[in-house]
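Asker: for reference, the sequence and a predicted model appear below.
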Amino acid sequence: MTLQHYFKTLLILGLCFSFSVSHASDTAKEKRWAEQIVDSIMIGDAEWLKLGKNKILAIYTENTTEKAIGGAIILHGSGVHPNWDQIIRPLRSQLPDHGWSTLSLQLPVLSNEAEYKDYIPLFKEVAPRINAGVAFLKAKGIKNIVVVAHSLGSSMAAYYMANKPDSSIRAFVAIGVSGNMHKKDKEGYLTSLKTIKVPVLDIFGGSDLAPVLESKKAKAKVARKAGNKNYTQVEIPGANHFFDNHDEVLVKRVRGWLKKNAMNTKIK
C-alpha cells in the first residue's frame with residue numbers, strides 16, 4: 001500500500017483496532033520530519049518558531065511581486081509536514097508569485113496508527129503554533145494574513161478561527177475538509193463553522209473522499225445559518241483529495257478567491 005493510499009484509508013475508515021496514543025504531539029516524529037526535509041528545501045527558507053521551551057519547523061517563502069498583498073499561513077493534513085509534495089508545496093511555493101508570502105507550519109502529529117478522534121485533544125495545541133506564525137509574519141511587516149489549510153489541518157485551523165483568532169487573519173481557505181466525524185465532536189469543522197466570521201473558501205475535488213462530498217450540503221447550511229455571507233464552496237471536477245494533477249487549478253482558484261476576499265477585508 002502506498003503512503004497516499006494509507007492516508008486515504010485512515011481518513012475514510014479509520015483503523016479497525018484501537019491503539020493507545022498520547023494526547024500530545026509526537027515531537028520525536030516532528031524532529032524526524034524536520035531532519036528529512038530541511039536540506040531538501042529548494043524554494044523558501046527553513047525557520048524555527050519558538051513555543052516556550054520548544055520550537056517548531058516552518059518554511060518561509062517571500063513574495064516575489066512588486067506589490068505585496070499579504071501573508072498566507074499554510075497548514076498540512078494528517079500526520080505529514082510543511083513541505084508535503086501534494087497541495088502544501090505547490091501552495092507555499094507558488095502563491096509568492098502572486099503577491100503572498102507564505103509560512104508553512106508544522107502541525108501536531110501522532111503515530112501512523114492514530115485515528116481522527118485521537119487528534120481531537122491536540123486541537124488546543126494548534127493556537128500557539130498559528131499565533132507564532134502570525135507573530136513571525138508581523139515581524140516581517142506583514143499585517144494582512146490568511147490561513148490556507150488541507151484536510152485535518154482545516155479542521156484544526158477552523159477550531160482556531162472559532163476561538164479567539166488573531167485579528168490580523170482576514171480569510172480562511174479550507175481544502176478537502178469534511179464535517180464533524182463524530183456525533184460528540186465539539187471541535188469538528190461544522191461546529192467551528194458556526195462562529196467563524198471571516199470569509200471562508202471551502203474547496204474540494206469532485207472525486208474527493210466520501211466524508212468530504214457527503215458533508216458539502218451540511219457545511220453550506222451551517223455557514224448560511226451562521227450568517228456568513230462570505231462563505232464560498234468550490235468543487236474542482238476530477239480532483240481527488242490530494243489534487244493530484246490538479247495543482248495548477250487549485251492554486252489558481254485559491255489565489256483568485258483571496259484576491260477578491262482578502263485585500264481590504266474588515267473583521268466586524
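Answerer: Happy to help now that I have it.
Asker: okay, CA-based contacts and neighbour counts for the rest of this
Answerer: Will do.
Asker: as a check, name the ranges of all strands in this protein.
Answerer: 45-51, 54-61, 70-75, 100-105, 145-150, 169-175, 200-205, 231-236 (DSSP state E).
Asker: where does the stretch 51-200 of the chain dip in pLDDT?
Answerer: Along the stretch 51-200 of the chain, the parts satisfying pLDDT under 70 run over 180-185.
Asker: how about the helices in it?
Answerer: 88-94, 116-119, 126-139, 152-161, 189-193 (DSSP state H, counting those that start in this stretch).
Asker: redo these as JSON lines? Include distance to G52 and mean neighbour count.
Answerer: Below are the helices of the stretch 51-200 of the chain laid out as JSON lines (distance: least, Cα to Cα, whole Å; neighbours: other Cα atoms under 10 Å):
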{"stretch": "helix 88-94", "distance to G52": "26", "mean neighbour count": "22"}
{"stretch": "helix 116-119", "distance to G52": "21", "mean neighbour count": "17"}
{"stretch": "helix 126-139", "distance to G52": "9", "mean neighbour count": "18"}
{"stretch": "helix 152-161", "distance to G52": "19", "mean neighbour count": "26"}
{"stretch": "helix 189-193", "distance to G52": "27", "mean neighbour count": "23"}
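Asker: who wins for proximity to A239 among those helices?
Answerer: Of all those, helix 88-94 sits nearest to A239, with 14.9 Å by Cα to Cα.
Asker: need the helices of the stretch 51-200 of the chain in a markdown table with distance to L258, can you?
Answerer: Shown next, in a markdown table, are the helices of the stretch 51-200 of the chain (distance: least, Cα to Cα, whole Å):
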| stretch | distance to L258 |
| --- | --- |
| helix 88-94 | 13 |
| helix 116-119 | 29 |
| helix 126-139 | 17 |
| helix 152-161 | 16 |
| helix 189-193 | 19 |
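Asker: nearest to K67, of these?
Answerer: Of these, nearest to K67 by Cα to Cα is helix 88-94, at 15.4 Å.
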